[in-house]
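1. Here is my input, please return the structure:
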Amino acid sequence: QHYKSITFIEILAMSLEERATTGSALRRIFKKYAIENEQGQLVIPSVVFVRDFLRWDVSDEAVSLVARVADLGNSGSITLDEFMAVERIMRMPDAHFRLAFRMCDKKGKGNITVEDYMGVMEATQAYKEVQFTKDCSWMKLHFGRNLQRHMRPDEFPQFIASVPREHIRQAFQSLIKDSTDGSIDAMAYCDTLAKLKGPSFTKYLRDNLLGIMTAQTTRISYSYFTALNALIHNIELVKQIFSNVVDKLEEKEITKDQFDQAAWRFSEAITPVQTTLLWRLLDHDNSGKIALKDFALLIPTMTVSKQTKAKEEESKPITASQQVAVQAYRFGMSSVGGAAGAATVYPIDLVKTRLQNQVTTIADEVLYKNSFDCFKKVLKFEGFRGLYRGILPQLCGVAPEKAIKMTTNDAVRQYFTDPKSGSIPFYGEVLAGGMGGCAQVMFTNPIEIVKIRLQIAGEVVSNNHVTAMQVAKELGFAGLYKGARACLLRDAPFSAIYFPTYAHLKKGFADRETGVTSFPKILLSATLAGVPSASLVTPADVIKTRLQVKPKEGVKPYTGLISCAKRLYREEGMAVFWKGAPARMFRSSPQFGVTLGVYEMLQRWFPYGPAKHIEPPKAQKIGTYIPYGANPDHIGGYRNTERTFANLEQKLGLWFPRSGKIVSTEISKSGDFKIVMTEGRG
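-> Below is the predicted model:
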């Protein structure tokens, strides 16, 4: 089998269930674009297939060439079988080689001649800008001394992948005809690379390359000429090496020496000359270091990602009224997240409170043996509603509590964050979390003391129903802040431990390519971070509970933080300080998991202007080709349309003049789309 078709084994390798599902959907999509020909058969005209379905913006001259990837009979239209065959090819990792061979195999013979290949190459923009000589020694190595040899499909990938390098060599050769030292002018160097690399030559390179190179020298040797070409060609590989070094060293920026050592171990394709050029291009402040985000300047994009647009919007100054709206937006998001988290784990919190309030010195007063025993007895004697006794003040107060904690943490983190590298020192993370915990106490303490009194009230058999308002009136304003120092001693260390742990876990679980952390992994990160945070501050929580609970008859009340700690140790031993620790971990960990999970997902689902949650959606990456086609009808293998075309243009040099008739699409949340018409380059 050659590249015109797919082998039987490759078809079997695909998921049968997936093929069945996408097969019927592809037939519906085919009918959407198809018309009936003279024989009564449904076909898609070539121009419709290329422009409307594939959305490849090429000139009228190139449409027929591109259509050859499907139109094997050169009929000017594509049948259903041909449409399905291209979809299967698009699933393959070497799809760009297969499609390039189909373009060149004009007669469908299963092999190509030098004329077949040149017929395609002469239509490219690179050839129109800088001519390529077929009657050269390099081409004769592939097609024979008389250029009469027919090339098989298994040989074709190696040949076409090498063509751009030979084109570069020929271009340099033509520029040094009058040179005595084998070098060329820097301006000619930049102009020639821009013509040959086309879509790979980013706007940043067009605007800055000449200035960067002439700062060092006005003459460019062949070594530097080919080095920059190789750097642009291998930029994704260079980025991957860089990313591995950054992950290993856990640093945002690295030096040239650090990169050189990794590149030498990773691939011999990256030379010291290429890394020298890389640092010249990206080390803007001459610090000797560059960051991963700088690579976006060298990697072309076919579509502006939502994240890029969001960052552009974020860079605009916001007004005072917008700032108020942003804070209100975040307050609302954190309120919903906090309420969801509190409601989810409230029964566990009630069990924890009752265990911590249980005095173990008097055997007759030991109501609960453990957490599970407590849960069963509450459910048995107080019913399901008993598990949620006191939840109303908790839900009312959790909104400002979570809002002020998260807002303070975010604000302090932003203060300590390096604006260039985006890194934050560890002490800054700890301080930000601690200050968030301190700020919340003004709301937390009144909520906690009312909640605890209501939770304990269920232990006393009475016909009187105790309400939150009754508890608040009985305590008075000063009483609402009883145990505030113990509350501060608990909440500040908790947040100082929790937020840095969560941030690092979330980063570790994020997708390496997109930077996105999925909802299940956010939930897992937030939950795991709560385990050490909740357990380590349990002693302070026990002291706070004893200070805030209403003492029973005959039991001497606790008077102060230090006094309470001493008395607990003297009467009940060291074990008392870890009472309810398991229940606290089971309560705090999932509570914060749900709270932060809901908070972050709400920002993704309901973004708001300056406060938009900037995290790239799945399959969209900054500085890389988005691997899904711009057409919502691109399903199955056709999802790889843009990535495949990117490889054809960047890797194989098959970029054709643009028509300017189709440049991009805008897709709404409902799935509707419209074509954006702009002026083309061709």
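2. quick check, His254 in a strand?
-> One thing to correct before we go on: residue 254 is Ile, not His. Yes - assessed by DSSP: H, G, I helix; E, B strand; the rest coil, Ile254 belongs to a strand.
3. Name the SS class of Cys564, please.
-> Under three-state DSSP, the three-state class of Cys564 is helix.
4. what's the burial count for it?
-> The number of residues packed near Cys564 is 20, by other C-beta atoms under 10 Å. (Glycine included, C-beta is placed from N, CA and C.)
5. In contact with it, which residues?
-> Cys564 is in contact with 486, 543, 546-547, 558, counting by C-beta atoms under 8 Å, 6 or more residues apart in numbering.
6. Can you name the two of those that sit furthest apart?
-> Distance extremes for these: the farthest pair is Ala486 and Tyr558 at 9.8 Å, using C-beta to C-beta.
7. the more surrounded of the two?
-> Legend: neighbour count by other C-beta under 10 Å for Ala486 and Tyr558, higher for Ala486 (26 against 21).
8. Overlap in contacts, Ala486 and Tyr558.
-> Common neighbours of Ala486 and Tyr558 are listed as 547, 564 (criterion: C-beta under 8 Å, 6+ apart).
9. May I see the buried residues of the helix or strand harbouring Asp373?
-> According to DSSP states H and E, Asp373 maps onto helix 371-386. Buried residues in helix 371-386, counting neighbours by 16 or more other C-beta atoms under 10 Å, are found at 371, 374-375, 377-378, 386.
10. Stretch 497-505 too?
-> Going by neighbour count (16+ other C-beta under 10 Å), the buried part of stretch 497-505 is 497-503, 505.
11. same question, stretch 426-445
-> Across stretch 426-445, burial judged by 16+ other C-beta under 10 Å covers 428-441, 443-445.
12. Stretch 232-251 too?
-> Within stretch 232-251, the residues scored as buried using 16+ other C-beta under 10 Å are 232-235, 238-239, 241-242, 245-246.
13. Leu431: what's it in contact with?
-> 412, 416, 496.
14. Filter those residues down to just the ones in helices.
-> Under the assignment DSSP state H, the contacts of Leu431 contribute 412, 416, 496 to helices.
15. Give me the spatial nearest neighbour of the last one, chain neighbours excluded.
-> What sits nearest to Ala496 in space, not counting adjacent residues and going by C-beta to C-beta, 6 or more residues apart in numbering, is Gly434, at 3.8 Å.
16. For that neighbour, which residues are in contact?
-> Gly434 sits next to 492-493, 495-496 when contact means C-beta under 8 Å, 6+ apart.
17. Show me the two of the residues you listed that sit farthest apart.
-> Put simply, by C-beta to C-beta the two of the contacts of Gly434 set farthest apart are Pro493 and Ser495, 7.6 Å from each other.
18. Of these two, give the one with the bigger neighbour count.
-> Ser495 (26 against 18).
19. Quick check, that one in contact with Ala439.
-> No - Ser495 lies out of contact with Ala439 (C-beta atoms under 8 Å); the separation is 9.1 Å.
20. Report the set of residues contacting both of those two.
-> Lys405.
21. Check which helix or strand the nearest residue to Lys256 once chain neighbours are set aside maps to.
-> Once flanking residues are discounted, Lys256 sits nearest to Trp279: 5.0 Å by C-beta to C-beta, 6+ apart. Using DSSP H and E, the element containing Trp279 is helix 272-282.
22. Against Ser223, how distant is Arg98?
-> To Ser223, Arg98 is 34 Å away according to C-beta to C-beta, to the nearest Å.
23. quick one, which of these two is more surrounded?
-> Remark: of Arg98 and Ser223, Arg98 carries more neighbours, 23 against 11, as counted by other C-beta under 10 Å.
24. Pull the CA coordinates from the strand or helix carrying that one and hand them back as CSV.
-> According to DSSP H and E, Arg98 maps onto helix 95-104. Taking Å, rounded to 0.1, in the frame of the first residue of the first chain, the C-alpha atoms of helix 95-104 are listed here in CSV:
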residue,chain,number,x,y,z
ALA,A,95,-0.6,12.8,7.4
HIS,A,96,1.3,15.8,6.0
PHE,A,97,3.7,13.5,4.1
ARG,A,98,0.8,11.4,2.8
LEU,A,99,-1.2,14.4,1.6
ALA,A,100,1.9,16.0,0.0
PHE,A,101,2.5,12.8,-2.0
ARG,A,102,-1.1,12.8,-3.2
MET,A,103,-0.6,16.4,-4.4
CYS,A,104,2.4,15.4,-6.4
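25. residues in contact with it?
-> Helix 95-104 is contacted from outside by 2-4, 65-66, 68-70, 72, 86, 89, 92, 112, 116-117, 119-120, 153, 156-157, 160-161, 637, 640, 644, 647-648, 651-652, 654, using C-beta under 8 Å, 6+ apart.
26. Please identify every residue contacting each of Pro493 and Ser495.
-> Contacts common to Pro493 and Ser495, judged by C-beta under 8 Å, 6+ apart, are 434, 437.
27. Output the contacts of Gly434 as CSV; include the columns distance to Asp81 and pLDDT.
-> Output for the contacts of Gly434, formatted as CSV (distance: C-beta to C-beta, whole Å; pLDDT from 0 to 100):
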residue, distance to Asp81, pLDDT
Ala492, 69, 88
Pro493, 68, 90
Ser495, 63, 89
Ala496, 65, 92
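28. from those residues, which single one is nearest Leu523?
-> When the contacts of Gly434 are compared for distance to Leu523 (C-beta to C-beta), Ser495 comes out closest, at 19.0 Å.
29. Point out where the stretch 301-450 of the chain drops to low pLDDT.
-> Applying pLDDT under 70 to the stretch 301-450 of the chain flags the ranges 301-319, 323, 327, 356-357, 359-366, 393-394, 397, 399, 419-422.
30. how about 90 then?
-> Counting by pLDDT under 90, the stretch 301-450 of the chain contains low-confidence ranges at 301-426, 436-450.
31. Which is the succeeding secondary structure element to the helix holding Trp279?
-> strand 289-291.
32. quick check: mean pLDDT across that following strand?
-> What strand 289-291 shows for mean pLDDT is 88.
33. One more: stretch 658-669?
-> Mean predicted confidence for stretch 658-669 is 51.
34. Now do the same for the helix or strand containing Leu205: mean pLDDT, whole number.
-> Leu205 belongs to helix 203-214 when elements are defined using DSSP H and E. Helix 203-214 carries an average pLDDT of 83.
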